[in-house]
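**Student:** Got a predicted structure here, sequence first:
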Amino acid sequence: MAISKVSDSKTWEIDVVNSPVPVFVDFWAEWCGPCRMVGPVVEELSGDYDGKIKFVKVNVDEANELASKYNIFSIPTLMIFNKGEIVAQQVGAASKETYKNMIDKVIENL
């Protein structure tokens, strides 16, 4: 499954707030080393959870309005949104297992 790139409030509304399935959002930046480590893991997860959860990347340098709205002070920050609400969050790089656990808990509670 392709990962959507969100860069403004309009695409955020379409891709995240109005999504019929939960959305895993990766707030990142090109210059962020830990973000580059997390990127391939997020790609793998998007394949593992195809159809169950949507994956979106937000470059905080391009979408600073969104980063500010969600108080992103440290990257990577990974959040799961369901119906526009934050239901899970991980600040800083973590293992694939950590992200899987986040996703599984959200899916179990649907």
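**Tutor:** Okay, I see it.
**Student:** When you work out contacts or count neighbours from here on, use the C-alpha atoms and nothing else.
**Tutor:** Fine.
**Student:** residues near the closest residue to residue 62 other than its chain neighbours, how many?
**Tutor:** Nearest residue to residue 62 in three dimensions, chain neighbours excluded: residue 7, at 6.0 Å (Cα to Cα, 6 or more residues apart in numbering). Counted with other Cα atoms under 10 Å, the neighbours of residue 7 add up to 18.
**Student:** same deal with residue 33?
**Tutor:** Residue 33: 13 neighbours (other Cα under 10 Å).
**Student:** And the helices in this protein?
**Tutor:** 9-12, 33-48, 64-69, 96-108 (DSSP state H).
**Student:** How much space separates the residue nearest to residue 62 from residue 100?
**Tutor:** 25 Å (Cα to Cα, to the nearest Å).
**Student:** Need phi/psi at residue 22.
**Tutor:** phi -60, psi 160 (degrees, to the nearest 10).
**Student:** Tell me how many other residues crowd it.
**Tutor:** 25.
**Student:** out of everything not next to it in sequence, what's closest to it?
**Tutor:** According to Cα to Cα, 6+ apart, the nearest residue to residue 22 is residue 82 (4.5 Å).
**Student:** what residues are up against the one you found?
**Tutor:** 17, 19, 21, 22, 23 (Cα atoms under 8 Å, 6 or more residues apart in numbering).
**Student:** Would you mind measuring from it to residue 25?
**Tutor:** Distance from residue 82 to residue 25, by Cα to Cα: 11 Å.
**Student:** what sits in contact with each of those two?
**Tutor:** With Cα under 8 Å, 6+ apart as the test, residue 82 and residue 25 reach no residue in common.
**Student:** just how off-centre is stretch 65-83 within its chain?
**Tutor:** Offset of stretch 65-83 from its chain centre (Cα atoms, centre = their mean, to the nearest Å): 8 Å.
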